[in-house]
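A.B. asks: no sequence on hand, only this structure:
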Ligand SMILES: Nc1ncnc2c1ncn2[C@@H]1O[C@H](COP(=O)(O)OP(=O)(O)OP(=O)(O)O)[C@@H](O)[C@H]1O
């Protein structure tokens, strides 16, 4: 049976007139890896701070490991590990010495602390480097040590804020598989906040999409995709050898195909076609008849990228309709996305 370990009930946080988190309800089960997604200012960090008991909610309640978060930061600290996007260490100490220091602070008995720290450093892939000073560590090595820091007290939940920021792609892959492995082996619950959709997609069991303090959707990728793209569950990309010059002409011909909902031009030479049924053969035939030189055809699987984009589009549309007078949301959205 699934046991909720994080429960948020109508949680809100206002800063003056700004609703940083707006009526958020969410339940996360023990052992789950949950991704918090959203643009800058969406309310992710504020939610995390409330979960850690480090800031008071304006309304509603956050419960974590069976405890009400509000007013209990020290009790929660024993059960919840938090890793910020950038972790600091004593540079003149080795990785092992740094971790032993944290271990002692967390009350690990003196006769156990060294052994446990060595074993933890091995688990996070730092066995070769544990005697090096952390001043010589790369960003990826520091993140691994940061993970060891939060895991050494054997928490029930770990909260990671942008854990892969600044790590190279192969380091990111290794780091994420490490998190997944730890979670699966130890039944550890992971809440991971990130802007990197592809990474989140690789590692998370479920995701929540935040915009403007509101949770727009939550679920696993397949369910979100099914709900969002139910009218056009099939998408096919056709790559053409040369740049497409007259897409309107192609679009007109393609729109005659039954079950086809729409086609768009992606980049200069990729036609993306969305359909109610799989009509790939008809699409290819039409392209050949139009004299297009096809170099590739593949069926797309909807990923987090499309899901995220679609929620943004829908939310933007709604806000434009509701807030025509101020246009505030649109301005903010456009400005953020121009960065
Ligand atoms: N102490 C504060 N006082 C006033 N406003 C705040 C405070 N902390 C956060 N905010 C505002 O609350 C909103 C949500 O901020 P928050 O930091 O939770 O977003 P975020 O999703 O974590 O963003 P990022 O991805 O940039 O970390 C933002 O508009 C932010 O400016």
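C.D. replies: Sure thing, it's come through. Only a predicted model underlies this, so the values are computations on that prediction, with no experimental measurement involved.
A.B. asks: contacts and neighbour counts: CA atoms only from here.
C.D. replies: Noted.
A.B. asks: got the contact list for residue 264?
C.D. replies: Residues near residue 264 by CA atoms under 8 Å, 6 or more residues apart in numbering: 251, 271, 272, 273.
A.B. asks: ok, residue 258 - how many residues close by?
C.D. replies: Counted by other CA atoms under 10 Å, the residues lying close to residue 258 total 12.
A.B. asks: could you do residue 64 as well?
C.D. replies: Using other CA under 10 Å, residue 64 is surrounded by 22 other residues.
A.B. asks: phi first, then psi, for it.
C.D. replies: Dihedral pair for residue 64: phi -140, psi 130, per degrees, to the nearest 10.
A.B. asks: is residue 113 in a helix, a strand, or coil?
C.D. replies: Using DSSP: H, G, I helix; E, B strand; the rest coil, the structure places residue 113 in helix.
A.B. asks: what is the burial count for it?
C.D. replies: Residues lying near residue 113 (other CA under 10 Å) number 20.
A.B. asks: tell me which element residue 8 falls in.
C.D. replies: Per DSSP states H and E, residue 8 falls inside strand 4-15.
A.B. asks: and that strand, which residues are buried?
C.D. replies: Across strand 4-15, burial judged by 16 or more other CA atoms under 10 Å covers 4, 5, 6, 7, 8, 10, 11, 12, 13, 14.
A.B. asks: how many neighbouring residues does residue 267 have?
C.D. replies: Neighbours of residue 267 under the rule other CA under 10 Å: 11.
A.B. asks: that one and the ligand, how far apart?
C.D. replies: As judged by CA to the nearest ligand atom, to the nearest Å, residue 267 and the ligand stand 28 Å apart.
A.B. asks: where are the low-confidence patches of the protein?
C.D. replies: 1, 315-339 (pLDDT under 70).
A.B. asks: which residue ranges of it form helices?
C.D. replies: Under the criterion DSSP state H, helices of the chain are mapped to 44-51, 73-79, 95-105, 110-123, 139-151, 169-186, 197-203, 221-228, 247-254, 280-289, 304-322, 328-338.
A.B. asks: one step back: which one among the contacts of residue 264 gets closest to residue 282?
C.D. replies: For the contacts of residue 264, the residue nearest residue 282 by CA to CA is residue 273; the value is 11.3 Å.
A.B. asks: residue contacts, the closest residue to that closest one other than its chain neighbours?
C.D. replies: Residue nearest to residue 273 in three dimensions, not counting chain neighbours: residue 263, with 4.2 Å by CA to CA, 6 or more residues apart in numbering. By CA under 8 Å, 6+ apart, the residues touching residue 263 are 251, 254, 255, 271, 272, 273, 274.
A.B. asks: list the contacts of the second one.
C.D. replies: Remark: with contacts taken as CA under 8 Å, 6+ apart, residue 254 is in contact with 260, 263, 283, 286.
A.B. asks: how close does the closest residue to residue 70 other than its chain neighbours get to the ligand?
C.D. replies: Distance criterion CA to CA, 6+ apart; nearest residue to residue 70, sequence neighbours excluded, is residue 53 at 4.7 Å. For residue 53, the distance to the ligand equals 14 Å [CA to the nearest ligand atom].
A.B. asks: mind listing the residues bridging to the spatially closest residue to residue 57 that is not a sequence neighbour?
C.D. replies: Using CA to CA, 6+ apart and skipping residues adjacent in sequence, the residue nearest residue 57 is residue 13, 5.2 Å away. Beta-bridge pairing of residue 13 under DSSP bridges involves residue 21.
A.B. asks: pretty sure residue 13 sits against residue 45.
C.D. replies: No. Judged on CA atoms under 8 Å, residue 13 makes no contact with residue 45 at a distance of 11.3 Å.
A.B. asks: just the contacts of residue 263 now: which is nearest residue 149?
C.D. replies: Within these, the smallest distance to residue 149 is 46.0 Å, found for residue 272 (CA to CA).
A.B. asks: now do the same contact list for residue 247.
C.D. replies: residue 265.
A.B. asks: so how far is residue 235 from it?
C.D. replies: According to CA to CA, to the nearest Å, residue 247 and residue 235 sit 18 Å apart.
A.B. asks: need the contact list for the residue nearest to residue 70.
C.D. replies: Per CA under 8 Å, 6+ apart, neighbours of residue 53: 69, 70, 71, 72, 73, 76.
A.B. asks: quick check: whichever residue of the stretch 201-339 of the chain sits closest to the ligand vs residue 200, distance?
C.D. replies: As assessed by CA to the nearest ligand atom, the ligand sits closest to residue 213 within the stretch 201-339 of the chain, at 6.7 Å. Using CA to CA, residue 213 is found at 20 Å from residue 200.
A.B. asks: also residue 245?
C.D. replies: From residue 245 across to residue 200, the span is 36 Å (CA to CA).
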